[in-house]
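**Student:** following is a predicted model, sequence given first.
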Amino acid sequence: METGLEGKYVIKDNKKLAFGYTTGSCGAAAAKAAARMLFTGNVQDTVELMTPKGILLKLQVLEASITPKEARCAIQKDAGDDPDVTDGVLVYATVRREGMTGSEGTAEGSEQAAETENTAERKNICPCSEIHITGGLGVGRVTRPGLEQPVGAAAINRVPREMITGAVREICEEQGYFGRIEVEISIPEGVALAKKTFNPRLGIEGGISVLGTSGIVEPMSERALLASIRLELQMARKNGASYLLAAPGNYGMDFLSRHLPFEMDQAVKYSNFVGELVDMALELEFRGILLVSHIGKLIKVAGGIMNTHSRNADARLELLAANGLRAGADLETARRVLEAVTTEEGLAVLKEKQLLEQTIDQVLEKALFYLGHRSYGKLNIGVITFSGELGLLGQAGPVEELTGLLKENRCYHEDSKIE
């Protein structure tokens, strides 16, 4: 059966590597099919889903069932040629209308947990109906602050939630339904698979996360990623750009679009390769870079770590504690930072002790030092850092000048300069 990914691939070492689709796409497609089954009473064999990337998927619906109270079905994850522990798992969606609870004894737990879920996730509301998304068996639950979803919520990230909401909204509008809809996403195999991920360490318990920002899995090697970054920089330079706006990934891009006067297509996404980005900028004779980075990445740069992938180095909390000590923290505060699970949790400790601003200043100072060392002092570099929980944390270097150049598009003229 054709899925819509035919002919979609990347080249790695002279081999074609096929695209796949994310757990978020699976959840949204399953929810859409289940909603249609609930309203029509007819089992669906296939379902179409438009992904944020703009690729229309046509997926096979598995294990479909309909009762007077609910409809349920599954979509099988296909990661393409990307190595992924979730490849092949079944992602289920159970859809219920208002008054058709049918949820006694599910993984939602107690009435108190359900209320927490309801409060944390009521953003998933559309004009035609109230869509309440929950996590069932095999979907992890957030137990610590600092992750994308609040404590008590299912580990279903923002974009998958938006995809699920949009898919169910489409069926609600199609059927003229204006009541409450409950969508429960479950991945039974996720209970065992979670042990092969970092979820337990991050404070996500009971299963895996439902992820994805584009809906599509694109297998990429380091060589291919570096080649694509270089190509983007070369194109910018040929078009007259003298300065770069750069973010490591989707979190940085999202922060850019929400909080800064830039469009995401103005920014270069450099993944974990901050050192290589600086090297390429020097080679191509750029004059400056404005880096926008989540603190979880930037804290590593503050330790001179120029490839921020976790397999190369972590030391996030060690570096945060060290900079906290430089900012005046006592040993007990440093110990609490070291015992945190996430960078966000460590930040919360420093905020409690009224040391957050001073610590971020130290982090930014160190990050600029190592970036300057990498660039031999030949690039004007500004840094903005943020967290998912606290928003903007701080900035350092010629940020305002670089922002002005980029905002006014004067960065595309050779005669532009930072005073």
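**Tutor:** Noted; the coordinates are in hand.

**Student:** now the helices for the stretch 251-400 of the chain?
**Tutor:** Under the criterion DSSP state H, counting those that start in this stretch, the stretch 251-400 of the chain carries helices at the ranges 274-283, 295-301, 316-326, 331-338, 343-352, 356-374, 399-407.

**Student:** what is the mean pLDDT for the fifth one?
**Tutor:** For helix 343-352, mean pLDDT is 95.

**Student:** ok, now the shortest one?
**Tutor:** Helix 295-301 shows a mean pLDDT of 95.

**Student:** what does the fourth one give?
**Tutor:** Helix 331-338 shows a mean pLDDT of 96.

**Student:** again, but for the first one
**Tutor:** When pLDDT is averaged over helix 274-283, the result is 96.

**Student:** rewinding a little: out of the helices of the stretch 251-400 of the chain, deepest packed?
**Tutor:** Mean neighbours per residue, mean count of other C-beta atoms under 10 Å, is largest over those for helix 295-301, with a mean of 26. (Glycine included, C-beta is placed from N, CA and C.)

**Student:** how about the nearest residue to T51 once chain neighbours are set aside, what does it touch?
**Tutor:** The shortest distance from T51 to any non-neighbouring residue, by C-beta to C-beta, 6 or more residues apart in numbering, is to G215 (2.9 Å). Residues near G215 by C-beta atoms under 8 Å, 6 or more residues apart in numbering: 21-22, 24-25, 28, 49, 51-53, 55, 57, 159, 163.

**Student:** please flag which of these sit within helices.
**Tutor:** The helices, defined by DSSP state H, take in G24, S25, A28, V159, M163 from the contacts of G215.

**Student:** neighbours around the third one, how many?
**Tutor:** A count of nearby residues for A28, using other C-beta atoms under 10 Å, gives 35.

**Student:** quick one: residues contacting the nearest residue to G296 once chain neighbours are set aside.
**Tutor:** Distances taken as C-beta to C-beta, 6+ apart put T343 closest to G296, at 4.5 Å, once the chain neighbours are dropped. T343 makes contact with G146, I295, G296, I299, R316, L317, L320, S387, according to C-beta under 8 Å, 6+ apart.

**Student:** stretch 323-339: end-to-end distance?
**Tutor:** 15 Å (C-alpha to C-alpha, to the nearest Å).

**Student:** which residues sit against it?
**Tutor:** Residues outside stretch 323-339 that contact it (C-beta under 8 Å, 6+ apart) are 299, 302, 317-318, 320-322, 346, 349-350, 353, 355, 358-359, 361-363, 366.

**Student:** how about 6 Å then?
**Tutor:** Residues from elsewhere that reach stretch 323-339 (C-beta atoms under 6 Å, 6 or more residues apart in numbering): L317, L320, A321, G346, V349, L350, K353, L355, Q358, T359, Q362, V363.

**Student:** please apply the same query to stretch 354-362.
**Tutor:** The contact list for stretch 354-362 (C-beta under 6 Å, 6+ apart) reads N323, G324, R326, A327, A329, L350, L393, G394.

**Student:** how about stretch 225-233?
**Tutor:** Stretch 225-233 has contacts (C-beta under 6 Å, 6+ apart) with V268, Y270, S271, E276, M280, L284.

**Student:** how about 10 Å then?
**Tutor:** Here stretch 225-233 makes contact (C-beta atoms under 10 Å, 6 or more residues apart in numbering) with 10-11, 220-221, 241, 244, 246, 267-273, 276-277, 279-281, 283-284, 286.

**Student:** contact partners for S375?
**Tutor:** Contacts for S375 were tallied using C-beta under 10 Å, 6+ apart; they are G275, V278, D279, A281, L282, F286, G288, I289, I381.

**Student:** need the contacts of G215 in a markdown table (columns: pLDDT).
**Tutor:** A markdown table is the format used below for those (pLDDT from 0 to 100):
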| residue | pLDDT |
| --- | --- |
| Y21 | 95 |
| T22 | 94 |
| G24 | 96 |
| S25 | 97 |
| A28 | 98 |
| L49 | 97 |
| T51 | 96 |
| P52 | 94 |
| K53 | 92 |
| I55 | 95 |
| L57 | 97 |
| V159 | 94 |
| M163 | 97 |
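
**Student:** for stretch 59-71, what is the average pLDDT?
**Tutor:** 95.

**Student:** returning to that earlier point: tell me which two of the contacts of stretch 323-339 sit farthest apart.
**Tutor:** Spanning the widest gap among the contacts of stretch 323-339 are L317 and Q358, at 17.4 Å by C-beta to C-beta.

**Student:** quick one on the thing from earlier: just the buried members of the contacts of stretch 225-233?
**Tutor:** Buried by 16 or more other C-beta atoms under 10 Å: 10, 220, 241, 244, 246, 267-273, 276-277, 280-281, 286, out of the contacts of stretch 225-233.

**Student:** mind checking which helix or strand of this protein has the lowest mean pLDDT?
**Tutor:** helix 111-120 (a mean of 38; mean pLDDT, DSSP states H and E).

**Student:** R96 should be in a strand, yeah?
**Tutor:** Yes - counting by DSSP: H, G, I helix; E, B strand; the rest coil, R96 falls inside a strand.

**Student:** which stretches of the stretch 301-419 of the chain have low pLDDT?
**Tutor:** Across the stretch 301-419 of the chain, the ranges flagged by pLDDT under 70 are 311, 408-419.

**Student:** let's go with 90 and repeat that
**Tutor:** 309-314, 341-342, 388-389, 403-419 (pLDDT under 90).

**Student:** what about the helices in the stretch 101-250 of the chain?
**Tutor:** Counting by DSSP H, counting those that start in this stretch, the helices of the stretch 101-250 of the chain are 111-120, 158-175, 190-193, 199-202, 222-238, 250-259.

**Student:** report all helices and strands that the last one contacts.
**Tutor:** Under the contact criterion of 3 or more C-beta pairs under 10 Å, 6 or more residues apart in numbering; DSSP states H and E, helix 250-259 touches helix 158-175, strand 243-247, strand 267-269, strand 288-294, helix 295-301, strand 380-387, strand 391-396.

**Student:** try 8 Å this time
**Tutor:** On a contact count with 3 or more C-beta pairs under 8 Å, 6 or more residues apart in numbering; DSSP states H and E, helix 250-259 meets strand 243-247, strand 267-269, strand 288-294.
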